[in-house]
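**Q** Quick check, what structure comes out for this input:
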Amino acid sequence: MSKKDGWLLQSGAKSVQLMGFSLSVSGCGDSVLIWISFAVVRLAGWTDGILWIDGAEMHKEQGAESVSQAMPTAPDWSMWSGEAVRMMGERNRNWVERYGLTGVPYSWCLECAELMFQREDVRVTCDICVIGTVSRLEGTFLWAWANEGIPSPSRHGLAKVREFGEVWGLGRLRESEWPGGRAEGLEMVAVAGRILDADGIFVDDTGDVTIFFALSNFRSWENSS
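**A** Okay, here's the model as predicted:
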């Protein structure tokens, strides 16, 4: 357990099953390589803040009103989840490059559900949805919708991810907590980001806990002189 901005973050316990593809993690200096059966995914960035994923180009899709409308027939989960990883990586590149945020200091507020970047000349803010947390000590993943320590503004919209799991019978999207680490958290935040049609995803560490965010509604203001 750990605290950030006065809010208690916790992770608990039960059995991980990835959506049809294998995943393993190996350390490499300041970055982590995540090997997937059909792609190589690279996590890099500031102080473990930004999630950067290398992969094929993906294009932003129009969101649907409901999960059942969004996907009328059952997809190939291995392919769908892999596309989610590549899609979120491409969207992350887009906002980092658009606003010039490589290496820029940042902070986040769970109560106001915002992530803020501070350049010398511009302040960039976006809305956040906490997807879940991982406890490295306990080796567990906990969905934010089951974590009462995360304020409701930062969980807004997450019910759609759980509904998606209910509709398609995906236990890992329905079960509140289960054994898992950073690799599983990265997959879940990419999958959730695709379901929510997020503009990107973000990962940060606070003490023992890794927090996974979906990002939306980027905006910027010039700093007053």
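
**Q** where do the strands sit along this protein?
**A** For the chain, the strands defined by DSSP state E cover 2-4, 7-9, 23-28, 31-36, 39-43, 106-109, 114-118, 122-135, 140-143, 177-179, 200-206, 209-222.

**Q** Not including adjacent chain positions, what is the nearest residue to W143?
**A** G132 (4.7 Å; C-beta to C-beta, 6 or more residues apart in numbering). Every C-beta, even on glycine, is put in place using the N, C-alpha and C of the backbone.

**Q** burial count for that neighbour?
**A** 27 (other C-beta atoms under 10 Å).

**Q** doesn't M188 make contact with it?
**A** Yes - counting by C-beta atoms under 8 Å, M188 is a contact partner of G132 at 5.9 Å.

**Q** list residues touching both of these two?
**A** Residues touching both G132 and M188 by C-beta atoms under 8 Å, 6 or more residues apart in numbering: F141, W143, F212.

**Q** Just among those residues, which is most surrounded?
**A** Busiest of these [other C-beta under 10 Å] is F141, holding 31 neighbours.

**Q** separation between the closest residue to it other than its chain neighbours and E148?
**A** Leaving aside its chain neighbours, F141 sits nearest to G180 (3.6 Å; criterion: C-beta to C-beta, 6+ apart). When distance is defined by C-beta to C-beta, to the nearest Å, G180 is 20 Å away from E148.

**Q** ditto for T102
**A** T102 is 35 Å from E148, by C-beta to C-beta.

**Q** I'd assumed I211 was in contact with D205.
**A** Yes - D205 is within contact range of I211, at 7.5 Å (criterion: C-beta under 8 Å).

**Q** Residues contacting stretch 119-128, please?
**A** 95, 99-101, 104, 108, 110, 113-117, 154, 199, 202, 213-223.

**Q** How many neighbouring residues does the nearest residue to F218 once chain neighbours are set aside have?
**A** Among residues not flanking F218 along the chain, C126 sits closest, at 4.5 Å (C-beta to C-beta, 6+ apart). For C126, the count of nearby residues is 24 (other C-beta under 10 Å).
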